[in-house]
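>>> Sequence unavailable; structure follows:
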DNA sequence: TAAATTAGCAACCATATAGTTGCTAAAATC
DNA sequence: GATTTTAGCAACTATATGGTTGCTAATTTA
């Protein structure tokens, strides 16, 4: 599940400002929203929104279901953990550097 | 400093897998690396690497300095905080949903 | 001083991206 | 049953992206 492809898709999904805003609108919404409802929040066309939804969906950040002629979209923040984990690696690097500095300082002969 | 432009650049810098790897190599390095040294780690041309460095630099994730005919690159993880802060917003959303669920459950008349 | 190394600049290429418009199909409403 | 609404599909456009090659300039090294 958490493959190299997945993380690429999540980063890609989130790299576009409009797409981040679409995601935000869905996160802030109290219920699932149709494509038309989402489009109301933006200046771009419905087709434009649909394309963004598709990319977000591929990253797993949005789930959709059909109901009659409408398609409803819900946000799913779980894949953001891919990004969190990616960041963690660099926290670790940071810690290691602090530690090795600390080691260096404490093991230095006193005076 | 922490403008809308900045966060766009950081997300963009980090959205490409090769660029994430360049950043990673620099983070893992114990000293600053020249363009040629970085290129050794990749299958792409020096010019390709230079382009990636430029984007990383614009995002502030890489700092460079010249020394003779060489240019040295160092990673700077600080702008990653832009991403951390962006993620925090959705932790908050998450918390709020848990809280309102909790509120709903505890305020429900007992039996 | 001549040769080799390091890197910048510019032009180019193929593909991806963000967006559009036009048309069609299926539900919902009148 | 006719009309409106909602959305998908396809084609198109402009620009950005990731990559290349060729050439030039500057610094090192021999």
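Right, received. Where do you want to start? Since we're looking at a predicted model, the values are computed, not measured.
>>> Which residues are in contact with residue A:64?
A:53, A:57, A:71, A:72, A:73, A:74 (CB atoms under 8 Å, 6 or more residues apart in numbering or on different chains). Yep, even glycine has a C-beta here, placed from its N, CA and C like the rest.
>>> tell me the phi and psi of the third one?
Per-residue torsions, residue A:71: phi -120, psi 130 (degrees, to the nearest 10).
>>> Next, check the contacts of residue A:64 against the strands and list the overlap.
Using DSSP state E, A:71, A:72, A:73, A:74 are the members of the contacts of residue A:64 that sit in strands.
>>> By neighbour count, which of those wins?
In terms of neighbours by other CB atoms under 10 Å in any protein chain shown, these top out with residue A:73 at 23 neighbours.
>>> Can you lay out the ones in strands among the contacts of residue A:64 as JSON lines showing pLDDT and distance to chain B?
Formatted as JSON lines, these follow (pLDDT from 0 to 100; distance: CB to the nearest CB, whole Å):
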{"residue": "A:71", "pLDDT": "97", "distance to chain B": "23"}
{"residue": "A:72", "pLDDT": "98", "distance to chain B": "18"}
{"residue": "A:73", "pLDDT": "98", "distance to chain B": "16"}
{"residue": "A:74", "pLDDT": "98", "distance to chain B": "12"}
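>>> Just flag the most distant two among the contacts of residue A:64.
A:57 and A:72 (12.2 Å; CB to CB).
>>> hang on, the earlier thing: list just the nearest of the ones in strands among the contacts of residue A:64 to residue B:45.
Of the ones in strands among the contacts of residue A:64, the one sitting nearest to residue B:45 (CB to CB) turns out to be residue A:73, at 41.5 Å.
>>> quick one: the closest one and residue A:22, what's the gap?
Applying CB to CB, to the nearest Å, one obtains 9 Å for the distance of residue A:73 from residue A:22.
>>> Overlap of the contact sets of those two?
With contacts defined as CB under 8 Å, 6+ apart, the residues shared by residue A:73 and residue A:22 are A:38, A:53.
>>> ok, and the closest non-adjacent residue to residue A:65?
residue A:72 (5.6 Å; CB to CB, 6 or more residues apart in numbering or on different chains).
>>> Beta-bridge partners for the one you found, please?
Beta bridges link residue A:72 to residue A:34, residue A:65 when assigned by DSSP bridges.
>>> How about the residues of chain A by DNA strand C?
A:12, A:15-16, A:18-19, A:43-45, A:47-48, A:51-52, A:55, A:67-69 (CB under 7 Å from any atom of the strand).
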